[in-house]
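**Student:** Here is a sequence with its predicted model. Questions after.
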Amino acid sequence: MRAFPLDAHHRTGLLTADPDSEVATLRLILASHQRLSNSQTTGQAADVIADTACALTGADGAHVYLPEQLGQREWSNANEARTTARRRTLTFDVTREIPDLRRSLDHGEDLFVADALDEGAARRPLRLRHVMSSLLFVPLLDVGVLVLWWHQPRAGSPDLGGDGRSFLDLAAQVLRRRLETTTLRDLSLTDPLTRLGNRRALLQALTDLRPSGALLLLDLDHFKRVNDTLGHQHGDLVLQGFATLLQAHSPTDSCVSRYGGEEFAVVYPRNGRHAAEQAFTNLQTAWLANGMTFSAGLAEHREGATVDETLEAADRALYRAKEAGRNRLAHAADLAWTAPDPADPVLPRPRTLRRGGPERRRGVNLEELDAALAGGLVVPHYQPVIDVRTGRVVAVEALARLIHPTTGTLLAPADFLPLAERAGRVGQVDQQVAAAAVADVTRWRRTLPDGDISVAVNVSVDHLDDSSLPEFLLEQCHRHGLPPDALIVELTETLRSVTGLGHEASVERLSAAGVQVTLDDFGTGFSSLAYLLRFPVAGIKIDKSFTASLNTVRGRKLVLGIISIGAGLGLHVIAEGVESLAQLTWLAEHGCPFAQGFLFSKPVPAAELPEALEALNAVGTWRTNQLE
């Protein structure tokens, strides 16, 4: 029995009177999103949106304009002329040629110009230059604007339809995520304040680093005092001055970057230790002339080390330099690559220290994380999933929590999962939570009167590289007697996630055994829609940020688009982050079959879940009556 049966009342109206046309549209949209995920530049991504919009509307050409242009008088298209009627660039003088566009942007409404020649003399040059008569301006959320045009006049604005609107809203969200997570807003590897390389440039340089190279991290001492006493403008001048000195005292073949805040980094590709030590000595003298000091941590790159490991080693060395009194250089000892020396005090990462000081530090270091894993202190808390139509609990999601091995404090995922990902321990976290969750849910299914529930466990996409993962999960089901179709594996995506053949083999093995594979936080990851084409998934989860946006027109359109995609592909759809009855009502009215969130229950430990299930199922009928 599937945990999420898709009855007729759970489907939406994606398929209409012409199913062949609707299926073709759906295939076009899915293929376009795969192209969007695979694009390498902003222009290529904009081409995907422009191409698809032309295919959906029959327009003769299209352009995409991105947010950095929207406050300017002149706009130039970002796409690379794939659908520009044989022209690479189309530039609008917005104030003169499209004076009524600002209202369209402010209200998120389309602007249709039936015939540019009839709209006033100001538009006549635009019509003549680009051989365009009708124009349609479509705001892409707050990400940009899509402009479609036709060579011949149109009587009215084209009907994009529900699928077209859903595609544009979802594509805009994916494009926004890409801009945010890959720094495509900058379109370069340069920090805008200092003109040094940015974090992206640093990571690229570390990827190519050989064992003879080294990484030097530098942190300006007491920089907060500069901002607090002299203001941020003066602070920016200080950062720019240090950047100029740092570049002047670095070899020409090194990568000099601003790592973040008042932190800088230099990657020395060869003779790293000697070059870094010499640069530190020279730079220290020059910077002291300004009455300021800095601390530095040096890590020589080691054979087989990952980028994160090299960064972690230099970071620990930097902290040691600051601990020892600042204004000095510290070298990363061998222990800094793995865990602190047990004889030394616990050394948190410097950025954690600056957020609140050591006495308010949350989270764990690597030694504490390993101790928690060895002691079975990574435990699941459970949040119920509700059938929106009946109001009853159909599943629970197991969410990782960590009991601090020293203080006993219960830590949220944000306090330990980033370190687990960097240190390669996320697979152990996934397995420990999954093993406990399968055992707990099997027991509840046998003992609770309403215990016929499924359990969802989170697995990082990166963890799919482990070919033993499917067998581990299936062995846990066999050991405890849980039917495989009562297990749901939710794939979570990290910034470093890259799909490969091993991923597909793992998903196919789980699906073949009856396990349901679901895409978590659908639409926020870099490749969410591409996964639908590659993986035999059974469901998708609407990210809580989308659920929170249901109070806006664009947010509702976006969520409706996700629901439509799920229904059209026969997937179960779960909305997470449901916190109000208004959100639940809207989801129920628009065909979203399942929901979870604080409206029903916060995540609770295993001991409290039976009582929570009983209470939820008892009021399920009442909630259903409120919705009808």
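**Tutor:** Alright, I've got the coordinates.
**Student:** Tell me where the stretch 301-450 of the chain has strands.
**Tutor:** Applying DSSP state E, counting those that start in this stretch to the stretch 301-450 of the chain gives strands spanning 329-331, 378-387, 393-403, 410-411.
**Student:** quick one: contacts for the closest residue to L613 other than its chain neighbours?
**Tutor:** Counting by C-beta to C-beta, 6 or more residues apart in numbering, V393 is the residue found nearest to L613 once chain neighbours are left out, at 5.5 Å. Glycine gets a C-beta too; all of them are placed from N, C-alpha and C. By C-beta atoms under 8 Å, 6 or more residues apart in numbering, the residues touching V393 are P384, V385, I386, D387, D450, I453, L613, L616, N617, G620.
**Student:** Nearest to L584, out of those residues: which one, please.
**Tutor:** Nearest to L584 among those is I386, at 8.4 Å by C-beta to C-beta.
**Student:** For the nearest residue to G58 once chain neighbours are set aside, give its distance to P470.
**Tutor:** Among residues not flanking G58 along the chain, P158 sits closest, at 7.1 Å (C-beta to C-beta, 6+ apart). Taking C-beta to C-beta, to the nearest Å as the measure, P158 falls 47 Å from P470.
**Student:** try H572
**Tutor:** 21 Å.
**Student:** more neighbours, these two?
**Tutor:** When H572 and P470 are compared for neighbours, H572 comes out ahead with 26 against 21, by other C-beta atoms under 10 Å.
**Student:** does that one have beta-bridge partners, and which?
**Tutor:** G539 (DSSP bridges).
**Student:** Quick check: pLDDT value at it.
**Tutor:** pLDDT, H572: 92.
**Student:** swap in A289?
**Tutor:** pLDDT at A289 comes out at 80.
**Student:** which residues touch it?
**Tutor:** Applying C-beta under 8 Å, 6+ apart, no residues contact A289.
**Student:** And it, its phi and psi?
**Tutor:** When read as degrees, to the nearest 10, the backbone of A289 gives phi -60, psi -20.
**Student:** go on, L217?
**Tutor:** Backbone phi and psi, for L217 under degrees, to the nearest 10, turn out to be phi -100, psi 140.
**Student:** For it, which residues are in contact?
**Tutor:** Y259, E263, F264, A265, A296, G297, L298, L311, A314, D315, A317, L318 are the contacts of L217 under C-beta under 8 Å, 6+ apart.
**Student:** returning to what we had before: lowest-confidence member of the contacts of V393, which is it?
**Tutor:** If you rank the contacts of V393 by pLDDT, G620 sits at the bottom with 54.
**Student:** where in the chain is pLDDT low?
**Tutor:** Flagging of the chain using pLDDT under 70 yields the residue ranges 1-20, 40-42, 67-78, 80-104, 116-131, 177-189, 333-362, 493-502, 523-530, 619-628.
**Student:** Let me know whether S254 touches P269 as I believe.
**Tutor:** Yes: using C-beta atoms under 8 Å as the test, S254 is close enough to P269 to be in contact (6.9 Å).
**Student:** Compare these two and say which one has the larger neighbour count.
**Tutor:** Between S254 and P269, counted using other C-beta under 10 Å, S254 has the larger neighbour count: 24 against 18.
**Student:** What's the local residue count around the closest residue to V559 other than its chain neighbours?
**Tutor:** In space, and not counting its chain neighbours, V559 is closest to F546: 5.3 Å by C-beta to C-beta, 6+ apart. F546: 24 surrounding residues under other C-beta under 10 Å.
**Student:** Tell me the spacing between F546 and L146.
**Tutor:** 20 Å.
**Student:** same check, this time on N198
**Tutor:** 29 Å.
**Student:** Then W444?
**Tutor:** 50 Å.
**Student:** The two: which is more packed in?
**Tutor:** L146 (25 against 20).
**Student:** and the more buried one, what element?
**Tutor:** For L146, the host element (DSSP states H and E) is strand 144-150.
**Student:** Show me what the very next helix or strand once past that strand is packed against.
**Tutor:** Sequence order places helix 161-181 as the next helix or strand after strand 144-150, per DSSP H and E. If you count contacts as 3 or more C-beta pairs under 8 Å, 6 or more residues apart in numbering; DSSP states H and E, helix 161-181 packs onto helix 19-38, helix 42-57, strand 134-140, strand 144-150, helix 528-534, helix 553-568.
**Student:** quick one: contacts for M292?
**Tutor:** L220, D221, V238.
**Student:** likewise H503?
**Tutor:** V461, L464, D465, R534, F535.
**Student:** any idea which helix or strand carries it?
**Tutor:** helix 501-512.
**Student:** mind checking how far that helix is from the chain centre?
**Tutor:** 23 Å (C-alpha atoms, centre = their mean, to the nearest Å).
**Student:** Go through it and flag the buried ones.
**Tutor:** H503, S506, V507, R509, L510, S511 (16 or more other C-beta atoms under 10 Å).
**Student:** Which residue lies closest in space to the last one, excluding its sequence neighbours?
**Tutor:** Distances taken as C-beta to C-beta, 6+ apart place P536 nearest to S511, at 4.4 Å, with adjacent residues excluded.
**Student:** Look at the one you found and give its secondary structure.
**Tutor:** The three-state label given to P536 by DSSP: H, G, I helix; E, B strand; the rest coil is coil.
**Student:** next one: W287
**Tutor:** helix.
**Student:** What distance do you get for it to L246?
**Tutor:** 9 Å.
**Student:** Compare the two and say which one has the larger neighbour count.
**Tutor:** Set W287 next to L246 and count neighbours by other C-beta under 10 Å: L246 wins out with 25 against 21.
**Student:** Please identify which helix or strand holds that one.
**Tutor:** Counting by DSSP H and E, L246 is found in helix 232-248.
**Student:** now the helix or strand just after that helix, how far from the centre of its chain.
**Tutor:** Counting by DSSP H and E, the element after helix 232-248 in chain order, helix or strand, is strand 255-260. In terms of C-alpha atoms, centre = their mean, the centre of strand 255-260 is set 23 Å apart from its chain centre.
**Student:** relative orientation of whatever helix or strand comes next after strand 255-260 and helix 232-248 in degrees?
**Tutor:** Under the assignment DSSP H and E, the closest C-terminal helix or strand after strand 255-260 is strand 263-268. Inter-element angle recorded for strand 263-268 and helix 232-248: 10 degrees (by axes from the mean of the first three to the mean of the last three C-alpha atoms, to 10 degrees).
**Student:** strand partners of strand 263-268, parallel vs antiparallel please.
**Tutor:** Strand 263-268 is paired, per DSSP bridges, with strand 214-220 (antiparallel), strand 255-260 (antiparallel).
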